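Engineer: Sequence and predicted structure are below.
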Amino acid sequence: MADLKETLQTLQNRNMTLYNEGKYGELAEASYSGGCRVMLQGMDTKTGRDFLPGLWEMEKSSGHQKIKHTTVEAGNVDGDTRVYEIGKYQAFTSDGTEDEVGKYLTIWVKEGDQYMIDITCINRSQ
């Protein structure tokens, strides 16, 4: 599974670069399936990627200037068409101080030859 783990980490690195640069619309389109489901601590499940740019803008405004995702584990759910990723994240303020840490579970679905986030569940650790 090393190749899959590396693939997903590469996708997460791209995603976090887009977030860190404030390219929220591009991030949503490039990385999330049209019917994606996002489950965040303290919020109802959201479906579809349209709300994501506003969510990320709100996150940035709350002080999370940079986010880093680290893939811890990856594996197949349904061959290579649906795979899972378990990871951890860190959020940093503008001065580089770690502001929040947490974990996530993401189900990726293959659309064409690219993996797209289909379901993600994110939970703060502190």
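Structural biologist: All right, it came through fine.
Engineer: Walk me through which strands the helix or strand harbouring Leu105 pairs with, and which way each runs.
Structural biologist: When elements are defined using DSSP states H and E, Leu105 is found to belong to strand 98-111. In the sheet containing strand 98-111, the strands it pairs with under DSSP bridges are strand 82-92 (antiparallel), strand 114-124 (antiparallel).
Engineer: And for it, what's in contact with it?
Structural biologist: Outside strand 98-111, the residues that touch it by C-beta atoms under 8 Å, 6 or more residues apart in numbering are 8, 11, 33, 41, 63-64, 69, 77, 80-93, 115-126. C-beta here means a position set from N, CA and C on the backbone, and glycine is covered the same way.
Engineer: Turn the strands paired with strand 98-111 into CSV, including distance to Thr47, mean pLDDT and mean neighbour count.
Structural biologist: Converted to CSV, the strands paired with strand 98-111 look like this (distance: least, C-beta to C-beta, whole Å; pLDDT from 0 to 100; neighbours: other C-beta atoms under 10 Å):
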stretch, distance to Thr47, mean pLDDT, mean neighbour count
strand 82-92, 17, 96, 18
strand 114-124, 10, 96, 17
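Engineer: For Glu26, find the nearest of these.
Structural biologist: Closest to Glu26 of the strands paired with strand 98-111 is strand 114-124 (C-beta to C-beta; 13.7 Å).
Engineer: Off-centre distance for that closest one?
Structural biologist: Relative to its chain's centre, strand 114-124 lies at 5 Å (C-alpha atoms, centre = their mean, to the nearest Å).
Engineer: What residue in the chain is the furthest from its centre?
Structural biologist: In the chain, counting by C-alpha atoms, centre = their mean, Asp95 sits farthest out from the average C-alpha position, at 22.6 Å.
Engineer: And the pLDDT at that one?
Structural biologist: Note on Asp95: pLDDT of 94.
Engineer: can you start the count at 827 instead of 1 from here on
Structural biologist: That works, and once the first residue is 827, the last one we named lands at Asp921.
Engineer: do you know how far it is from Gly889?
Structural biologist: Taking C-beta to C-beta, to the nearest Å as the measure, Asp921 and Gly889 are separated by 10 Å.
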